[in-house]
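Enquirer: Based on what follows, work out the 3D shape:
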Amino acid sequence: SSPARRSARRTEPDVIAASVLAVALAATQPTDPEPPAPPAAPSAPVTVEMNAVQLLALATARAEAGDTATAEAMFAALAKDPDIDIRSEARFRHGRMLEAQKRYNAAAVLYRAILDEQPGAQRVRLQLARALLFAGNEGGAARVLRQAQAGGLPADVRRVVAQFQGALRAVQPIGGSLEVALAPSTNINRATRSNTLDTVIAPLELSEDAQAQSGLGVKLAGQGFVRVPVSNRLRWTLRASGQGFFYRQSQFNDITVQLETGLEYTAGKSRLQPSVGRSRRWFGGRPFVDSDIASLSWLRTLGRRSQLDVSASVAHSQFRQNDLQTGTSYDLGVALEHAFTPTSGGRISLAGQRLSARDPGWSTTGGGANLLYYRELGRTTVFASAGLSYLEADGRILLFPRRRLEWLARGTIGATVRQATVRGFAPVVRVSHERNYSTVGLFDFARTSVEVGITRAF
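Expert: Residues are numbered from 1 along each chain as shown. Here you go, the predicted structure:
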């Protein structure tokens, strides 16, 4: 039998979504009897032979007795058993023990290992969703639930899981994510490769810093949040996020941080989130732009396998190094995510932007589309995305003879390699290529970049 057929005892936290998911988990669990208990150990040291089932029962008994160190060693040994059912059951019970210790990331790694070998183990997939939720990875938990429903669930379980999805975002009061990566790039400053630019006066010769520069950098990215209940449906949130690219040539360091606060209102299958915030971007160690932002997002569950995300924002941006760019920007985005099967899914997004700057040459209107596809192949999740966007300026920048018109094409392929997971950190690799076609040479560039790092939700 699978892990879904042999786990019996559960300890659920006293929170709404976890309690709801507990019912779903119980509904998928048959009432097969536990394997027979091993014979009692004799008082004198002797050699006792046990088969895998008896050792599994002993490990479970040691875990229930509080001897988690012994139980963990036994479960780890059984996870190498040649019988897939034995090693899956050992990982499953080990994961349940780790959840009881609130080691949710470690438990999620074990559940993922089971699903890598048995993608149809829906009981395990639901348990993975729970572990991800309490590890702070609510987006991952919601995605796993959509994948579970794509694989088919009993009608009563589907109803309970739907309730869990509605309550999901209310559970985790604090959480976040972290990513660290090496980031080599052929064009770290997204600059033209030409050494001259056509201007209304005469060809302008560019310095080396203004031309495309290759380099090896380090990427640091992370975000964290705090969520405080106001009522059953309303919560106050505080979120901080940041991303930085750091190079040996420090004049190209690019750092952005943002702090925002707002409310989350959950009703049925929808979540509404208004917020306000402030961000700052530094380039080359100097303040580049400060923005005050007001945004509104609406998240809606569509059926059992899809999710719609609509967002709108308005921001006033003060550009520190070019006052002519200072102005107000408006953004609108729509995204639809869908789980095709328990091991694959995709996302399509559309976006539009408008910047009303002080100078018509820097005032722009644009829009674009992006496609994302992901699939689990054994212990690796591969993904690919492609996007195309257009930008048009109201007028020409004073120095250049033509008005700015641009097409930006971008493609990315990558993978998260779970078989190399260490203490909840999984290696991730991304390869991206960008090509921006512009009527103004200053903005015409090509760029290929690679990111090799580790990522983790907490």
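Enquirer: and stretch 421-428, how far apart are its ends?
Expert: Distance between the boundary residues of stretch 421-428 (C-alpha to C-alpha, to the nearest Å) amounts to 10 Å.
Enquirer: what about the longest helix in the protein?
Expert: Secondary structure assigned by DSSP state H gives helix 84-100 as the longest helix of the chain.
Enquirer: Show residues contacting that helix.
Expert: 1-3, 6-7, 9-11, 52-53, 56, 59-60, 63, 68, 71-72, 74-76, 78-81, 104, 106-108, 110-111, 113-114, 117-118, 121, 124, 127, 130-131, 134 (C-beta atoms under 8 Å, 6 or more residues apart in numbering). To be clear about C-beta, it is placed using only N, CA and C from the backbone, and glycine gets the same treatment.
Enquirer: Tell me where the model's unsure across the protein.
Expert: Along the chain, the parts satisfying pLDDT under 70 run over 1-49, 151-172, 424, 457-458.
Enquirer: Skipping adjacent residues, who's closest to Gln243 in space?
Expert: Of all residues not flanking Gln243 in the chain, Ala221 sits nearest, at 4.3 Å (C-beta to C-beta, 6 or more residues apart in numbering).
Enquirer: Would you agree Gly123 falls within a helix?
Expert: Gly isn't right for residue 123; it's Arg. Yes - under DSSP: H, G, I helix; E, B strand; the rest coil, Arg123 sits within a helix.
Enquirer: Tell me the spacing between it and Leu133.
Expert: Using C-beta to C-beta, to the nearest Å, Arg123 is found at 16 Å from Leu133.
Enquirer: State the helix or strand in which the closest residue to Arg396 other than its chain neighbours lies.
Expert: Leaving aside its chain neighbours, Arg396 sits nearest to Arg403 (4.4 Å; criterion: C-beta to C-beta, 6+ apart). Per DSSP states H and E: Arg403 is located in neither a helix nor a strand.
Enquirer: Please list all residues in contact with Gly361.
Expert: Leu324, Ala393, Asp394, Gly395, Arg396, Ile397, Leu398, Phe400, Arg403, Arg404.
Enquirer: Based on its surroundings, how many neighbours for the fifth one?
Expert: Meaning Arg396. For Arg396, the count of nearby residues is 16 (other C-beta atoms under 10 Å).
Enquirer: And the second one, by the same measure?
Expert: Residues contacting Ala393 under the criterion other C-beta under 10 Å number 23.
Enquirer: measure it to Arg402 for me?
Expert: 10 Å.
Enquirer: Over to Gly175?
Expert: Taking C-beta to C-beta, one finds Gly175 at 48 Å from Arg402.
Enquirer: Among those two, which residue is more densely surrounded?
Expert: Using other C-beta under 10 Å as the criterion, Gly175 and Arg402 rank with Gly175 on top: 19 against 14.
Enquirer: The closest residue in space to the more buried one that isn't next to it in sequence: neighbouring residues, count only.
Expert: Excluding the flanking residues, the one nearest Gly175 by C-beta to C-beta, 6+ apart is Gly136, at 2.4 Å. When counting by other C-beta under 10 Å, one arrives at 23 neighbours for Gly136.
Enquirer: tell me which element Gly136 is part of?
Expert: Judged by DSSP H and E, Gly136 forms part of no helix or strand.
Enquirer: Kindly report the same for the one 4 residues further on.
Expert: Here Gly140 is covered by helix 138-150, with elements defined by DSSP H and E.
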